[in-house]
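# Model the structure of this input:
(chains A and B)
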Amino acid sequence: ILNVEQSPQSLHVQEGDSTNFTCSFPSSNFYALHWYRWETAKSPEALFVMTLNGDEKKKGRISATLNTKEGYSYLYIKGSQPEDSATYLCASPYYGNNRLAFGKGNQVVVIP
Amino acid sequence: DTAVSQTPKYLVTQMGNDKSIKCEQNLGHDTMYWYKQDSKKFLKIMFSYNNKELIINETVPNRFSPKSPDKAHLNLHINSLELGDSAVYFCASSQEPGQGNTEAFFGQGTRLTVV
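This is a model prediction of the structure:
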């Protein structure tokens, strides 16, 4: 079993505010860390796939960092907008293949 | 063009029936997957399949079986449906798995309701 945990489970953010949340994963036998954005009634879409310790990736106002030694990744949303409302899923692959173990997600609601 | 498409989007059926969910990807990927979103909204891997290997999550009942007529399709067959099979099922694909560092592309899900 590969335990991937995300916190907080849900958060409400005022429009324009920045926010961040955490994904924890086993640091031993690390292969990669995926972040997906999942809007209601749509399919999860990949944001980032990260592999290197200390890596930082950015897509628009969303960025992520990775610490493989301590087993965590942060996702940041800068200047939240209503369209950022979604569930953000973190996942790590089992045993070096692409079968992903997902966390429960961080549900973000941006309040206009 | 939809990269990963599943049909049907909704499926309501009676207990004991046998049903299939179809999945097709037009991305040229080598590996396809089925995930189940359980009652707690968790996405859990059921199967992964490429032309070399089928990997089955040991918690999946053998009433569930994937069938791949070709590289672009991975259909999910479910025999003797039970109430507890009600869930949303997601198909996904990715390039050759490598070390798990390629993003997965998901279908929009099939909501299965067993009555």
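# Quick check: the residue of chain A nearest chain B.
residue A:93 (2.7 Å; C-beta to the nearest C-beta). Just so you know, the C-beta spots here come from the backbone N, C-alpha and C atoms, and that holds for glycine as well.
# In contact with the closest residue in space to that residue that isn't next to it in sequence: list those residues for me.
Leaving aside its chain neighbours, residue A:93 sits nearest to residue B:100 (2.7 Å; criterion: C-beta to C-beta, 6 or more residues apart in numbering or on different chains). By C-beta atoms under 8 Å, 6 or more residues apart in numbering or on different chains, the residues touching residue B:100 are A:31, A:32, A:92, A:93, A:94, A:96, A:97, A:98, A:99, A:100.
# same thing with residue A:100?
So residue A:100 contacts A:34, A:91, A:92, A:93, A:94, B:43, B:45, B:100, B:104 (C-beta under 8 Å, 6+ apart).
# give me that answer again for 6 Å
Contact analysis of residue A:100 by C-beta atoms under 6 Å, 6 or more residues apart in numbering or on different chains lists A:91, A:93.
# Quick check: bridge partners of it?
residue A:93 (DSSP bridges).
# What residues does chain A have near chain B?
Contact residues (C-beta under 6 Å from any C-beta of the partner chain) of chain A with chain B: A:31-32, A:43-44, A:46, A:49, A:51, A:93, A:96-99, A:102, A:104.
# Lowest pLDDT pick from those?
Within the set of those, pLDDT is lowest for residue A:96 (61).
# need the residues of chain B near chain A, please.
Counting by C-beta under 6 Å from any C-beta, the positions of chain B adjacent to chain A are B:42-43, B:45, B:48, B:94, B:97, B:99-101, B:103, B:106-108.
# residue of chain B with the smallest distance to chain A?
In chain B, no residue comes nearer to chain A than residue B:100, which is 2.7 Å away by C-beta to the nearest C-beta.
# Secondary structure element holding that residue?
Per DSSP states H and E, residue B:100 falls between elements, in no helix or strand.
# On the pLDDT front, check it for me.
At residue B:100, the model reports a pLDDT of 76.
# Contacts only, for the residue of chain A closest to chain B.
Listed by C-beta under 6 Å, 6+ apart, the contact set of residue A:93 reads A:31, A:32, A:100, B:100.
# next one: residue B:17
For residue B:17, counting by C-beta under 6 Å, 6+ apart, the contacting residues are residue B:81.
# so which strand or helix has residue B:71?
Residue B:71 belongs to no helix or strand, assigned by DSSP H and E.
# backbone phi and psi for the closest residue to residue B:56 other than its chain neighbours, please?
Among residues not flanking residue B:56 along the chain, residue B:47 sits closest, at 5.7 Å (C-beta to C-beta, 6+ apart). Main-chain dihedrals, residue B:47, degrees, to the nearest 10: phi -140, psi 150.
# Looks like residue B:47 contacts residue B:34 (just checking).
Yes - contact criterion C-beta atoms under 6 Å: residue B:47 and residue B:34 qualify, at 4.8 Å.
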